[in-house]
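Student: okay, structure incoming, though there's no sequence with it:
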């Protein structure tokens, strides 16, 4: 009699545990897959090479002694960022009486996570 009661209690405990496990799965796991639309970024190596050549061959020299060339370069970079759909702004700063600017472009959603890319 005690053996039988112990078997029933064990079986009842297993059934309750199984039901609790199924309830947990239903509550915590999505029933339908969440589809997230991720836009594919197409990278064209020839276009990247053209930008590098433009900056390395046409907009030179780029240093504090040639502020007009720096300005032309910033205008080029700004225009390319705008064409790519970025939200573009300038960050002006003064150095030894001359004004310069950094070009800042924002792409993607406005979230706390950021990827910062800087170049000179």
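Tutor: That came through, no problem. The model shown is predicted, which means the values in this text are computed figures rather than measured ones. Numbers count the residues shown, from 1 in each chain.

Student: what segments of this protein are helices?
Tutor: If DSSP state H is used as the criterion, the helices of the chain fall at 2-28, 45-53, 67-83.

Student: got JSON lines for those helices, with distance to residue 109 too?
Tutor: From N, CA and C alone the C-beta is placed, and that goes for glycine too. Below are the helices of the chain laid out as JSON lines (distance: least, Cβ to Cβ, whole Å):
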{"stretch": "helix 2-28", "distance to residue 109": "26"}
{"stretch": "helix 45-53", "distance to residue 109": "24"}
{"stretch": "helix 67-83", "distance to residue 109": "17"}
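
Student: worst average pLDDT in those?
Tutor: In terms of mean pLDDT, the lowest-scoring of these is helix 2-28 (a mean of 86).

Student: quick one on the thing from earlier: tell me which of the helices of the chain sits most buried.
Tutor: Stretch with highest mean neighbour count among those: helix 67-83 (a mean of 15; mean count of other Cβ atoms under 10 Å).

Student: what angle sits between that helix and helix 45-53?
Tutor: Going by axes from the mean of the first three to the mean of the last three Cα atoms, to 10 degrees, helix 67-83 is angled at 160 degrees with respect to helix 45-53.

Student: tell me the helices and strands packed up against helix 67-83.
Tutor: Here helix 67-83 is seen to pack against strand 87-95, strand 98-106 when contacts are counted using 3 or more Cβ pairs under 8 Å, 6 or more residues apart in numbering; DSSP states H and E.

Student: so which of the helices of the chain gets nearest residue 98?
Tutor: Distance to residue 98, taken as Cβ to Cβ, is lowest for helix 67-83 among the helices of the chain, at 5.7 Å.

Student: which outside residues touch that closest one?
Tutor: Helix 67-83 is touched from outside by 51, 54-55, 59-64, 88, 90, 98-103, 105, with contacts defined as Cβ atoms under 8 Å, 6 or more residues apart in numbering.
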